[in-house]
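Asker: Build me a model:
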Amino acid sequence: MLTIRFTRTGKKKQPQYRLIVSEKHKDPWGDYLELLGNYNPHTKEVNLKEDRIKHWLSVGAQTSNSVHNLLVKQGLIEGDRKKAVRISKKRTAKAEAKKKEAAQKAETAKPVEEKIEEKPAEEAKPEEAVKEAEKPAEEPGLTKEAK
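Answerer: Reported below is the predicted structural model:
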């Protein structure tokens, strides 16, 4: 079965991709039947041979999910976008556990905030007033050293 997919080119951390047609089970970095275009994800520059892509699709070539999404975005084919990234069950379970933990923290934090807001302004004393009220009255005539 033929497939239209990306093959990566470019330097390290500066990827560029070629759209190629090859057998599905062949190595994407090996030989391919035809080069159909280029895609640079940094500049979003896309160069496609539209007539050749339509030809290969009419012959029965399938597209990878990423290439399908690119072709839909460019308007070459119509349809919905496909989910290109798969998340493992282990990672999904970990993300759900993290969401539950965050929800529990949010629930426990709400009652504390409500209690603080419910205090009337008369009962709440500034810290300085509380400290002055707790200090013993100083005796006149005594210095700090004498105490």
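
Asker: Which residue ranges make up the domains of the protein?
Answerer: Structural domains assigned to the chain are 2-74, 86-116, following automatic domain parsing.

Asker: so how far is the first residue of the longest one from its last?
Answerer: Which is domain 2-74. One end of domain 2-74 to the other measures 21 Å (CA to CA, to the nearest Å).

Asker: now that domain, how far from the centre of its chain.
Answerer: 25 Å (CA atoms, centre = their mean, to the nearest Å).

Asker: Looking at that domain now, give me its mean pLDDT.
Answerer: In this model, domain 2-74 carries a mean pLDDT of 92.

Asker: What is the neighbour count of residue 20?
Answerer: 21 (other CB atoms under 10 Å). Using the backbone N, CA and C atoms, a C-beta is placed for each residue, glycine as well.

Asker: cool, residue 3 as well?
Answerer: Neighbour tally, residue 3, other CB under 10 Å: 18.

Asker: Same question for residue 22.
Answerer: 19.

Asker: Would you enumerate the residues in contact with the closest residue to it other than its chain neighbours?
Answerer: Leaving aside its sequence neighbours, residue 22 sits nearest to residue 32 (CB to CB, 6 or more residues apart in numbering; 4.1 Å). Residue 32 makes contact with 7, 20, 21, 22, 26, according to CB atoms under 8 Å, 6 or more residues apart in numbering.

Asker: among these, which are in helices?
Answerer: Using DSSP state H, no member of those sits in helices.
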